[in-house]
Structure formats: structure tokens, C-alpha cells
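Novice: Got a predicted model here, sequence first, then my questions.
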Amino acid sequence: MPEGFLPGGSADGDLWVFAYGSLMWRPGFPHAEQCPALVRGWHRSACILSVRYRGTPEQPGLVVGLDRGGACRGRAYRVAAADRAEAIDYLDRRELATGVYHRRNLACDLDDGRRVTAYGYVADPGHVQYAGRYTTAEKVRVIRQGVGWEGRSRDYIANTIAQMEAMGIHDGQLHALLRIVDHEERVPGALGD
């Protein structure tokens, strides 16, 4: 862990974790509470090449990351102090395996009105796995080809959308991307390319 970095802003006490992708449906760590939440200054983006979980180095898949700008609705988990170290260790092993994410303390507004500092992971735009500049056609190709330890990239995108919909969150770009992956032979220029 970088010197001086304290997950959640402190060395002890309960820990909040912000989830915006697979952590929403498969957190994998003990938690005492969960709550819909909003983080400002970052948005959910299909911008990370997956070379383990949803693809391989030879045929990467695509997953979401937090990219600069905008806002992101997701889920915040409160981890009890007794489970804090175990949760951080698990999360870092899961999310930092290839170095494409940076740890970050995120100001997080919970839907019940509380404001907390949440531990999270944001995309590193300088990393070789960063795909934030890919065209829609490139993203579609990568999603269609990606299969890794945890399954297909397409299924990851669909699961993320299903979790978002269950929480009342709509992401037009991600929905449009999945529609193209599933139904279109050609990629229209309607997604900003």
C-alpha cells in the first residue's frame, strides 16, 4: 500500500467500500450494511481490458472502471472494524492484480443522507489495459471475444446492467453497447465515435 495511504481515510474503525461493477453483485467480503450511493467526479465507463477474469492477454475482454469526470451511482458497503483488514486484503488482491486500478478514497453520498469516505478503485489512464479511448467498434469486438476465469465479458456487462437496473440506475452508453454486442452486425456511429 502506498506510504501514508489509509483506506477509507483511517487506519481503524469501520470501512466503507464503493462498488460500481462486479462488486455490486459479488462483493466477496463480509459486510454489515449496504446502501445505494453516489460518487461525484468519476463515472462508470467500459474502459478496462480484462486479461484474467473476463479475457486473456491474447484475447482481452472489457469491463468497467471509474474514469474521471461526471458522477457514478453504485453501492456502498460498510465493513465492520473487525473485518476491515481481511476485506482490504481481499479487495486489493482482486482489484490490483494487474495494476490497472489505483486505490482511492472517494467522497460518497449515501441515499439515506449520510456522507462517508469510501475505499474504491479508479482506472489508471496511463496503463496498457486502459481502453477509455477505444472506439465503439473496438469495444464491441473486445466484449464479443473476451472469455476468462470468471466467464464472458458480455455476461459481465449484462450483469452490471442488471444490478444497475435493480437499483433504478440507467446508463445509456452501457445499455447501447450491450445492444450492439447482442444484436448488431455493424456498429453505428451513434455512440459518439
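Specialist: Yep, it's here.
Novice: buried sites along the longest helix along the chain?
Specialist: Secondary structure of the chain per DSSP state H: the longest helix is helix 153-166. For helix 153-166, burial by neighbour count (16 or more other Cβ atoms under 10 Å) applies to 153-154, 156-157, 159-161, 163-164. C-betas here are computed from N, CA, C, even on glycine.
Novice: likewise stretch 140-153?
Specialist: 140, 142-148, 150, 152-153.
Novice: Can you name the residues in contact with it?
Specialist: 22, 46, 49-56, 59-63, 131, 134, 154, 156-157, 177, 180-181, 184, 187 (Cβ atoms under 8 Å, 6 or more residues apart in numbering).
Novice: Can you give me the end-to-end span of that stretch?
Specialist: 10 Å (Cα to Cα, to the nearest Å).
Novice: Ok, stretch 133-151 next?
Specialist: 24 Å.
Novice: And the average pLDDT for it is what?
Specialist: Across stretch 133-151, the average pLDDT comes to 96.
Novice: what's the offset of that stretch from the middle of its chain?
Specialist: 15 Å (Cα atoms, centre = their mean, to the nearest Å).
Novice: Outside of stretch 49-60 itself, list whatever touches it.
Specialist: Counting by Cβ under 8 Å, 6+ apart, 22, 61-63, 97-98, 100, 128-131, 142, 145-153, 156 sit against stretch 49-60.
Novice: hmm, try it at 7 Å
Specialist: 61-63, 97-98, 129, 131, 142, 145-153, 156 (Cβ atoms under 7 Å, 6 or more residues apart in numbering).
Novice: taking those residues one by one, which sit in helices?
Specialist: Short answer: the contacts of stretch 49-60 in helices (DSSP H) are 142, 145, 153, 156.
Novice: tell me the two of those that are most distant?
Specialist: Gln145 and Tyr156 (13.0 Å; Cβ to Cβ).
Novice: Which parts of the chain are strands?
Specialist: For the chain, applying DSSP state E gives strands covering 15-19, 33-50, 61-79, 101-110, 115-123, 147-148, 151-152.
Novice: most neighbours per residue, which of these?
Specialist: Neighbour counts (mean count of other Cβ atoms under 10 Å) averaged over each of the strands of the chain peak at strand 15-19, with a mean of 25.
Novice: partner strands of that strand, parallel or antiparallel?
Specialist: strand 61-79 (antiparallel), strand 115-123 (parallel) (DSSP bridges).
Novice: gap between the last one and the chain center?
Specialist: On the basis of Cα atoms, centre = their mean, strand 115-123 is displaced by 11 Å from the centre of the chain it belongs to.
Novice: list the contacts for Val181?
Specialist: Taking Cβ under 7 Å, 6+ apart, one finds 140, 143-144, 154 in contact with Val181.
Novice: before we move on, back to that, could you figure out how far the longest helix of the chain is turned away from strand 33-50?
Specialist: 150 degrees (axes from the mean of the first three to the mean of the last three Cα atoms, to 10 degrees).
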